[in-house]
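1. what would the 3D arrangement of this be:
(one chain, ligands or ions: 1)
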Amino acid sequence: MEGVVDIHLRQVFKDVGGVDACVTEFVRINDQRLPAKIFHRYCPELTMGIDQYLPIRIQLLGSNPQAIAYHARKACQLGAKAVDLNFGCPAKTVNKNRGGACLLDETELIYEIIARAKEQMPEGHKLSAKIRLGFNERDSYLENAQAIEKGGADELFVHARSKQDGYQPPAYWDCIGEIRNAIGIDVIANGEIWTVSDYALCKQQSGCDDFMLGRGLLANPGLARAIKGDSMEFSWSELIPCLQQYFAATSAAYPKKFIGNRLKQWLHYLQRHYPQARHLFERIKRSRDECFIRSAIEDSHR
Ligand SMILES: Cc1cc2nc3c(=O)[nH]c(=O)nc-3n(C[C@H](O)[C@H](O)[C@H](O)COP(=O)(O)O)c2cc1C
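-> Predicted structure coming up:
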């Protein structure tokens, strides 16, 4: 998730368990050729022994089929085993530059992007795509899913809402079931899975066996584990070492002027599941003092 799920949060998810794979924040592709260092910035796993980390897909966002194909190949040459193409981002700045969800009305172009990328990727590397159900209406998902399959993608992630629906509940999981019936590649269901019961309902309505968790996992890092059958609640006191580790890692990785920003952002999501996260957020929200934030995390034990 853009601006949120960096390597440090991916490491937390690995440590907590239950998650099978992650996607990087998106690498924006325009007509310029990006140097390797950009891929390494979004995906430090590439230089740090990729197999020690959660399996990772490099996420590309753009609309130029040749440029995306070039960078999909480059990602693989740099060590990525899988590439994910984004056709779901609703952000105005992204859509204005012809990226993300605005392509949902351009099925031919989606096909071109997938087909050119697949052609350029070496054998044995996975290509996935992520779509919403449509742009203004929930009306283009079947054509787009078929184009993505025809282009040669291996997997399709479906966020079961239109761009217009934004992030408003509900998610239309039954539409994912229609997609599953229309194509033969793996379909992974996404949208509005906050609890194990949401997961069960999504599974029933979509017929899917695989699920992508977004905000629900940020709110409750134990959700993937719980979905896989772990009946133990992932408690606030178990989360504290993760917060400490995450704060230390992000403080070292980002410029000092941003100290605490990534942690505050995560606490914003955690508040939904843990009342303690709200208290901690309130305490540190105006602070940029590393020692103060560190001890506030520790105090939130009590
Ligand atoms: C802050 C934020 C950043 C996101 N970034 C991405 C992204 O980079 N790529 C993507 O495919 N989806 C992105 N999404 C969408 C989520 O992956 C997911 O599809 C959406 O939130 C619905 O799932 P959820 O209800 O489980 O959160 C983002 C969502 C949020 C809230």
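
2. ok, the nearest residue to S300 once chain neighbours are set aside - contacts?
-> Leaving aside its chain neighbours, S300 sits nearest to L280 (4.6 Å; criterion: CB to CB, 6 or more residues apart in numbering). Glycine gets a C-beta too; all of them are placed from N, C-alpha and C. Going by CB atoms under 8 Å, 6 or more residues apart in numbering, L280 touches L243, L267, A296, I297, S300.

3. I'd guessed I7 sits against L46; true?
-> No. With contact defined as CB atoms under 8 Å, I7 does not reach L46; the gap is 10.2 Å.

4. ok so, going back, mind listing what's buried in the helix or strand encompassing the residue nearest to S300?
-> Per DSSP states H and E: L280 is located in helix 275-284. Neighbour-count burial for helix 275-284 flags Q276, A277, L280, F281, R283, I284 (criterion: 16 or more other CB atoms under 10 Å).

5. distance check, the closest residue to the fifth one other than its chain neighbours against the ligand.
-> Nearest non-adjacent residue to R283, counting by CB to CB, 6+ apart: A296, 4.9 Å away. Counting by CB to the nearest ligand atom, to the nearest Å, the gap from A296 to the ligand is 24 Å.

6. ok, so what distance separates I183 from the ligand?
-> From I183 to the ligand the distance is 19 Å (CB to the nearest ligand atom).

7. how many residues are close by that residue?
-> Number of residues near I183 (other CB atoms under 10 Å) recorded here: 17.

8. how is the closest residue to it other than its chain neighbours assigned, secondary-structure-wise?
-> In space, and not counting its chain neighbours, I183 is closest to E149: 4.4 Å by CB to CB, 6+ apart. Recorded secondary structure, E149: helix (DSSP: H, G, I helix; E, B strand; the rest coil).

9. which residue ranges form the helices in the stretch 151-300 of the chain?
-> Using DSSP state H, counting those that start in this stretch, the helices of the stretch 151-300 of the chain run over 173-182, 196-206, 215-219, 223-227, 236-253, 261-270, 275-284, 290-299.

10. dump those to a markdown table, plus mean pLDDT.
-> Below are those laid out as a markdown table (pLDDT from 0 to 100):
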| stretch | mean pLDDT |
| --- | --- |
| helix 173-182 | 98 |
| helix 196-206 | 98 |
| helix 215-219 | 98 |
| helix 223-227 | 98 |
| helix 236-253 | 97 |
| helix 261-270 | 97 |
| helix 275-284 | 97 |
| helix 290-299 | 97 |
